[in-house]
Each structure stands twice: as C-alpha cells, then as structure tokens.
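K.L.:
okay, structure incoming, though there's no sequence with it:
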C-alpha cells in the first residue's frame with residue numbers, strides 16, 4: 001500500500017473539516033496539494049534509496065568474491081555480478 005493511499009482518508013477529513021469549521025477551503029486545499037506533492041517526492045526518494053541499496057549489495061558481493069582465496073572464490077558468480085554491474089551503469 002502506498003503512502004498516499006494510507007494518508008488519503010486523513011487528507012479527506014482535513015479537506016472537509018477546513019471547509020466546515022474555518023471557511024478557509026482554498027487554504028486547506030493548498031495544504032493538501034502541498035502534502036500530496038511532498039508524499040510523491042518521498043515515494044520517489046524511497047525508490048531511489050532501494051535502487052542504491054541493491055547496487056551496494058551487488059558491489060559487496062563482488063568485493064567479497066575478490067577477497068576470497070582463489071580456490072574458494074566462485075569465478076562464475078563473480079563474472080555474473082560484474083556483468084550485471086556493467087550493464088546497469
């Protein structure tokens with residue numbers, strides 16, 4: 001479930017409460033738009049962080065294989081990981 005989906009009921013209540021009690025509908029609507037934009041930014045940052053974490057894990061695998069003694073290293077795994085890194089970046 002996305003963050004926006006979780007926040008939607010609260011945003012709806014805020015929107016209606018702002019219209020009923022204060023008469024500041026446009027101000028609340030602006031706040032809601034700003035909150036939605038911020039949530040979208042945060043979701044994009046989460047996706048970017050996941051991609052970076054995956055890249056770090058791949059690089060860690062490569063370094064691990066490089067540090068192992070020659071007879072324990074899995075050269076096929078090392079080549080696969082290096083190929084993945086080369087094709088992505």
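P.N.:
Perfect, thanks for sending it. Just so we're clear, the structure is a prediction, and the values are computed from it rather than from any experiment.
K.L.:
excluding chain neighbours, what is closest to residue 78?
P.N.:
If you skip the residues right next to it in sequence, residue 78 has residue 65 as its closest partner in space, 4.2 Å away by Cβ to Cβ, 6 or more residues apart in numbering. No exception for glycine: its C-beta is placed from N, CA and C like everyone else's.
K.L.:
please apply the same query to residue 31.
P.N.:
Distances taken as Cβ to Cβ, 6+ apart put residue 14 closest to residue 31, at 7.4 Å, once the chain neighbours are dropped.
K.L.:
tell me the contacts of that neighbour?
P.N.:
Each residue near residue 14 by Cβ atoms under 8 Å, 6 or more residues apart in numbering is listed here: 28, 31, 32.
K.L.:
likewise for residue 52?
P.N.:
So, once contact is read as Cβ under 8 Å, 6+ apart, residue 52 ends up touching nothing.
K.L.:
where does it sit: helix, strand or coil?
P.N.:
Remark: residue 52 carries the secondary structure label helix [criterion: DSSP: H, G, I helix; E, B strand; the rest coil].
K.L.:
swap in residue 7?
P.N.:
Remark: residue 7 carries the secondary structure label helix [criterion: three-state DSSP].
K.L.:
how many other residues sit next to it?
P.N.:
Close neighbours of residue 7, defined as other Cβ atoms under 10 Å, add up to 15.
K.L.:
mind listing what it touches?
P.N.:
35, 39.
K.L.:
rewinding a little: make CSV from the contacts of residue 14 and add pLDDT and distance to residue 44 to it.
P.N.:
Compiled in CSV, those are given as follows (pLDDT from 0 to 100; distance: Cβ to Cβ, whole Å):
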residue, pLDDT, distance to residue 44
28, 88, 25
31, 92, 21
32, 92, 19
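K.L.:
where does the residue nearest in space to the middle of the chain sit, in terms of helix or strand?
P.N.:
For the chain, residue 46 is the residue whose C-alpha lies nearest the centre (Cα atoms, centre = their mean; 1.6 Å). Per DSSP states H and E: residue 46 is located in helix 25-67.
K.L.:
noted, bye for now.
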